[in-house]
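A.B. asks: Predicted model follows, preceded by the sequence.
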Amino acid sequence: MIDKKQIIQAFEYRHACKIFDVNKKISEEDINFILQTARLSPSSFGFEPWHFLVVQSPELRSKLKESAWGATAKLDTASHFVIGLTMKAPLMKYNSSYIHDFMLNKQQLPENVVEQKGKMYEAFQKSDFDLLDDRKLFDWAAKQCYIALGNMMTSAAMIGIDSCPIEGFNQEISNKILKEDLGIDTRLYGISYMVAFGYRVNEPRPKTRRPINEIITYK
Ligand SMILES: Cc1cc2nc3c(=O)[nH]c(=O)nc-3n(C[C@H](O)[C@H](O)[C@H](O)COP(=O)(O)O)c2cc1C
């Protein structure tokens, strides 16, 4: 078991790092560890509606600055810069071949279970969560991708690596760059967030959070 105090210390240590030390690079072992925690993240129905694009090319990072106003200093200084991609309707809709193939070959479910689970997923999209609209479906899938984001940032903090989650970008322009410069099929994937990793230059201001009794209610 891991010491609770050390875990809370990691949560205290994590902050939205604004500028990173350009002279310090994250080792391959450590970045792989962080990405592995994204891979092991849970997702609704277990469908893993994500892909992580690690952008290391200075030219591509510079291009991203045209749309990512919240990431300028991070694109210049982060050791590793990740774009969190989320699957769109052609992959995520209940009747897509991705979903069928995923249940069969990735989750290795028997045919009859694939059929049952497929029906549940269809009902979930049609009535439980009312997801039969491309934007709703994308936003629902993006929620799964944010779980991976949280896990990456926490696991990074646990090994002394800083991060910054980024939503400070124009979706339309960023998705255009995604298609034209990063070669991603934007009919299938969209950007949900960006996240920078590296090592801090400055100490953050003390953390502010509402007290626990304001945010928790037991009934
Ligand atoms: C989804 C998300 C998007 C964010 N976008 C940005 C951003 O574009 N640029 C930035 O500097 N910080 C961004 N932040 C950082 C928040 O401002 C920060 O997490 C919050 O103020 C709490 O501070 P702390 O993370 O240092 O504890 C984002 C945080 C989250 C969770």
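C.D. replies: Received it, and whenever you're ready, just let me know what you need.

A.B. asks: ok, how many other residues are close to residue 89?
C.D. replies: As a burial measure, residue 89 scores 18 neighbours (other CB atoms under 10 Å). C-beta here means a position set from N, CA and C on the backbone, and glycine is covered the same way.

A.B. asks: Would you agree it is in contact with residue 134?
C.D. replies: Yes - counting by CB atoms under 8 Å, residue 134 is a contact partner of residue 89 at 4.6 Å.

A.B. asks: Show me where this structure has its strands.
C.D. replies: 50-54, 80-87, 162-166, 189-198 (DSSP state E).

A.B. asks: Against which helices or strands is the second one packed?
C.D. replies: Just to be clear, that refers to strand 80-87. Strand 80-87 is packed against strand 50-54, helix 134-158, strand 189-198, with contacts defined by 3 or more CB pairs under 8 Å, 6 or more residues apart in numbering; DSSP states H and E.

A.B. asks: Out of the ones you listed, which is the most enclosed?
C.D. replies: Most buried of the helices and strands packed on strand 80-87, by mean neighbour count (mean count of other CB atoms under 10 Å): strand 189-198, with a mean of 24.

A.B. asks: just the angle between it and helix 134-158, please?
C.D. replies: Orientation of strand 189-198 against helix 134-158 (axes from the mean of the first three to the mean of the last three CA atoms, to 10 degrees) gives an angle of 20 degrees.

A.B. asks: Now do residue 16 against the ligand, distance only.
C.D. replies: Look at residue 16 and the ligand: by CB to the nearest ligand atom, to the nearest Å, they are 3 Å apart.

A.B. asks: Let me see the contact set for that residue.
C.D. replies: When contacts are counted by CB atoms under 8 Å, 6 or more residues apart in numbering, residue 16 touches 163, 164, 165, 204.

A.B. asks: any chance of those residues in a markdown table, with pLDDT too?
C.D. replies: Output for the contacts of residue 16, formatted as a markdown table (pLDDT from 0 to 100):
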| residue | pLDDT |
| --- | --- |
| 163 | 98 |
| 164 | 98 |
| 165 | 98 |
| 204 | 97 |
